[in-house]
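Enquirer: Next come a sequence and a model predicted from it.
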Amino acid sequence: MTTTEIGAAYDSRAAEYIDLFGTIEQLAAQDRDTIDTWRTGVRGRFLDAGCGPGLWSGFLAAGGTRDVVGIDASAEFVTAARGRFPEIAVHQADLTALPLADRSVGGILAWYSIIHTPPAELPAILGEFARVLSPGGSALIGFFDGEPGEAFDHAVHTAYYWSAEALADLLAPHGFTVERASARQDPGARRRLGDLVAMLTA
């Protein structure tokens, strides 16, 4: 599985995705609260890693008061994000090769954007996060909570479960310390949802 394949998979369903999940109001209030609380504690520029059509990028920008850059593998999502949020820089790129300078962002939002990454390839992405994040910066990662590394059928492409403990183990070699983690099972949802906040301490 390559980033190009994942991007193409989302390209083929971009219109459907945007219709279902294209605005903040269509998403869970708890997710908005989690990201808003994290956002207020972050200084400097944000990276929305796997930004999709830009809904969280726009949310992070807080009406143009915060600097945000979005990255996604899907050309269709990048086009949509640029059209909807012209004030935000959005690039089509691979999360393993971010087009950003070292230590150039204060916060990274990776909201369910690593779910399609095979376990063996995830450390490369976390290493890039560590490279572009300023010391003391923070990453908020959303994931499906379950047996770490176990694959499951996702509507767009094969995805993988993680746990906060397993992600903490992968983050630690890159200088991250997990500050908090949580998981929940929404009513009617097929899978448990998890998120964690990690600070770059080294």
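Expert: Structure's in. What do you need? Numbering: from 1, shown residues only.

Enquirer: what about the residue nearest the centre of the chain, which SS state?
Expert: For the chain, the residue lying nearest the average C-alpha position, counting by Cα atoms, centre = their mean, turns out to be Ala110 (1.7 Å). At Ala110, secondary structure determined by DSSP: H, G, I helix; E, B strand; the rest coil is strand.

Enquirer: tell me what the lengthiest strand in the chain is packed against?
Expert: For the chain, the longest strand by residue count, based on DSSP state E, is strand 133-145. Contacting strand 133-145 under the criterion 3 or more Cβ pairs under 8 Å, 6 or more residues apart in numbering; DSSP states H and E are the following elements: helix 29-40, strand 105-111, helix 164-171, strand 176-184, strand 192-200. (Each C-beta comes from the backbone N, C-alpha and C, glycine too.)

Enquirer: buried ones in that strand?
Expert: By neighbour count on 16 or more other Cβ atoms under 10 Å, the buried set for strand 133-145 is 133-134, 137-145.

Enquirer: Reformat these as CSV; add pLDDT.
Expert: Shown next, in CSV, are the buried residues of strand 133-145 (pLDDT from 0 to 100):
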residue, pLDDT
Leu133, 98
Ser134, 97
Gly137, 98
Ser138, 98
Ala139, 98
Leu140, 98
Ile141, 98
Gly142, 97
Phe143, 97
Phe144, 95
Asp145, 96
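
Enquirer: And the residue nearest to Val178 when sequence neighbours are not counted, how far from Ala181?
Expert: Nearest residue to Val178 in three dimensions, chain neighbours excluded: Ala168, at 4.4 Å (Cβ to Cβ, 6 or more residues apart in numbering). Here the criterion is Cβ to Cβ, to the nearest Å. By it, Ala168 lies 8 Å from Ala181.
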